[in-house]
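>>> Output the structure for:
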Amino acid sequence: MESELINPNPVVHERRVDARIKARKVTADEHEREPIDELEIFDYLRDITDPEHPYTLEQLNVVTEDLIHVDDSSSHIMVQFTPTVAHCSMATLIGLCIRVKLMRSLPNRFKVDIKVSPGSHSSEAAVNKQLGDKERVAAALENPNLLDMVDRCLASTDKDK
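Coordinates of the predicted model:
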């Protein structure tokens, strides 16, 4: 961890209590495709730990349900996130954590786009380009140090396993 924090005093928000853990319905056809919605995606992401602080992305308002868009019929998910400061050097790592969590949680049929929310980061275009480049993401996940950082951020999300 760096000696100086990028955002030494982040605003910490209360955890929402109305999020749900999706109850899987029992159907006669075990191969029936179950729809996925924004709240389910938010539930996957809410407990990711921020790489700089001991708080979750939900507590820091980095991820919110209203910045998640799901089109289940076309298998497309768009997640926008808002770094706590406009010059956040952890934005790409946060986006990578979101991508990895969804890769590990969702069926392969989904195309997932991860972006910083418009106007929330001073290097918005560069961060979005990195997060949208499959080769860069794959290369990042081959880096053991980076993968270890991602796994530490995701460790708090694995409590239900």
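
>>> What is the neighbour count of residue 158?
Residues near residue 158, counting by other Cβ atoms under 10 Å, number 11. Where C-beta positions appear, they are placed from N, C-alpha and C, glycine not excepted.

>>> Ignore what I typed, I meant residue 55.
Neighbour count of residue 55, defined by other Cβ under 10 Å: 18.

>>> Can you verify my assumption that it contacts residue 49?
Yes - using Cβ atoms under 8 Å, residue 55 is in contact with residue 49, at 7.3 Å.

>>> Backbone torsions only: list them for the residue sitting nearest the centre point of the chain.
Centroid check for the chain by Cα atoms, centre = their mean gives residue 98 as the closest residue, at 2.4 Å. Per-residue torsions, residue 98: phi -60, psi -50 (degrees, to the nearest 10).

>>> So the closest residue to it other than its chain neighbours: helix, strand or coil?
In space, and not counting its chain neighbours, residue 98 is closest to residue 114: 5.2 Å by Cβ to Cβ, 6 or more residues apart in numbering. Using DSSP: H, G, I helix; E, B strand; the rest coil, the structure places residue 114 in strand.

>>> Return the distance of residue 114 relative to residue 157.
16 Å (Cβ to Cβ, to the nearest Å).

>>> same question, residue 99
From residue 99 to residue 157 the distance is 13 Å (Cβ to Cβ).

>>> just residue 46 next, same as before
Applying Cβ to Cβ, one obtains 8 Å for the distance of residue 46 from residue 157.

>>> how about the strands of the protein, start to end?
Using DSSP state E, the strands assigned to the chain run over residues 68-71, 76-81, 111-116.

>>> what's the angle from the second one to strand 111-116?
Strand 76-81 runs at 20 degrees relative to strand 111-116, counting by axes from the mean of the first three to the mean of the last three Cα atoms, to 10 degrees.
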